[in-house]
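A.B. asks: turn this into a model:
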Amino acid sequence: MFTEQSFEVFEIVGLDERMAAIRASIQPVFQAVGEEIRVQLEEKVGQPLYLHIAQHRRRTVYPPESTWLAIGTQKRGYKMEAHFQLAIWDEYVGLWLSIIDQPKVKDQLAQRLTDHKDLVQNLPKDFVLSPDHTQPTVYGLKEMDSLLERFVTVKKSELQIGRIIKRNDPIWQTPAKAKETMLATYQTLLPLFQLLHE
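C.D. replies: You can find the predicted model right below:
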């Protein structure tokens, strides 16, 4: 599970140095925790799900400010559809249902979310929204209308729905509890995931 050392990775200067630390201390957690989450979600979804771990291969100068795993229905990638994402930044871990990088079916996904806003509005109050997977800023659920409107009208917009666990949250001292919270979060997001895969 993630530790203080996991978050400290993002303080390392230099692309090669930070990527080496990501591979050594974060990606093994992604592999172990992600596989466990994938198996449990696959049982609920009733179809094969695939684990993808971001490799940041296109980066040539700037080290990543976050890194993530994705779980989706496509073996060849995850960006073409709504998918589950587990991301770590220097200050929090994000547990998301993500629509990023302009999938071809973005308009259909936006319409489904617009037609079923109640599924978002009825989420637990500590859930949050993110309009950009490359930025750490998150918003409360009360911003759903404006962020959904942006998602519909702005071509390159994104939308993530989920929960964050902050770096200083004592839950990290109890890995089993942290994993339980992660699984519970993704299970809460399952109706939205299924809606976006109809």
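A.B. asks: residue 48 contacts residue 41, correct?
C.D. replies: No - if you go by Cβ atoms under 8 Å, residue 48 and residue 41 don't touch, sitting 10.8 Å apart. C-beta coordinates here come from the backbone N, C-alpha and C atoms, glycine included.
A.B. asks: for the lengthiest helix in the chain, the averaged confidence score.
C.D. replies: In the chain, taking DSSP state H as the definition, the longest helix is helix 175-195. For helix 175-195, mean pLDDT rounds to 97.
A.B. asks: residues contacting the spatially most central residue of the chain?
C.D. replies: Of all residues in the chain, the one closest to the mean position by Cα atoms, centre = their mean is residue 85, 2.7 Å from it. Taking Cβ atoms under 8 Å, 6 or more residues apart in numbering, we find residue 85 in contact with 68-71, 78, 94-98, 133, 160, 162.
A.B. asks: what about residue 48 and residue 41, which has more around it?
C.D. replies: Using other Cβ atoms under 10 Å, the more surrounded residue of residue 48 and residue 41 is residue 41, with 18 against 10.
A.B. asks: got a list of what the more buried one touches?
C.D. replies: Residue 41 neighbours (Cβ under 8 Å, 6+ apart): 49, 71, 84, 186-187, 190.
A.B. asks: cutoff 7 Å now
C.D. replies: Applying Cβ atoms under 7 Å, 6 or more residues apart in numbering, we find residue 41 in contact with 49, 71, 84, 186.
A.B. asks: can you list those residues in JSON lines and add distance to residue 8, neighbour count and secondary structure?
C.D. replies: Shown next, in JSON lines, are the contacts of residue 41 (distance: Cβ to Cβ, whole Å; neighbours: other Cβ atoms under 10 Å; DSSP: H, G, I helix; E, B strand; the rest coil):
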{"residue": "49", "distance to residue 8": "31", "neighbour count": "21", "secondary structure": "coil"}
{"residue": "71", "distance to residue 8": "26", "neighbour count": "22", "secondary structure": "strand"}
{"residue": "84", "distance to residue 8": "26", "neighbour count": "26", "secondary structure": "strand"}
{"residue": "186", "distance to residue 8": "26", "neighbour count": "24", "secondary structure": "helix"}
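A.B. asks: thinking again about what came up before, between the contacts of residue 85, which sits nearest residue 178?
C.D. replies: Using Cβ to Cβ, residue 95 comes nearest to residue 178 of the contacts of residue 85, at 10.4 Å.
A.B. asks: doesn't the closest one belong to a strand?
C.D. replies: Yes - Residue 95 sits within a strand when classified using DSSP: H, G, I helix; E, B strand; the rest coil.
A.B. asks: ok, which stretches of this protein are strands?
C.D. replies: Ranges of strands within the chain are 50-53, 67-72, 83-88, 92-99, 128-130, 139-140, 159-166, based on DSSP state E.
A.B. asks: relative to residue 172, which of these is closest?
C.D. replies: Once the strands of the chain are compared by Cβ to Cβ, strand 159-166 is nearest, at 7.6 Å.
A.B. asks: I figured residue 79 hits residue 101, correct?
C.D. replies: Yes - taking Cβ atoms under 7 Å as the definition, residue 79 is a contact partner of residue 101 at 4.3 Å.
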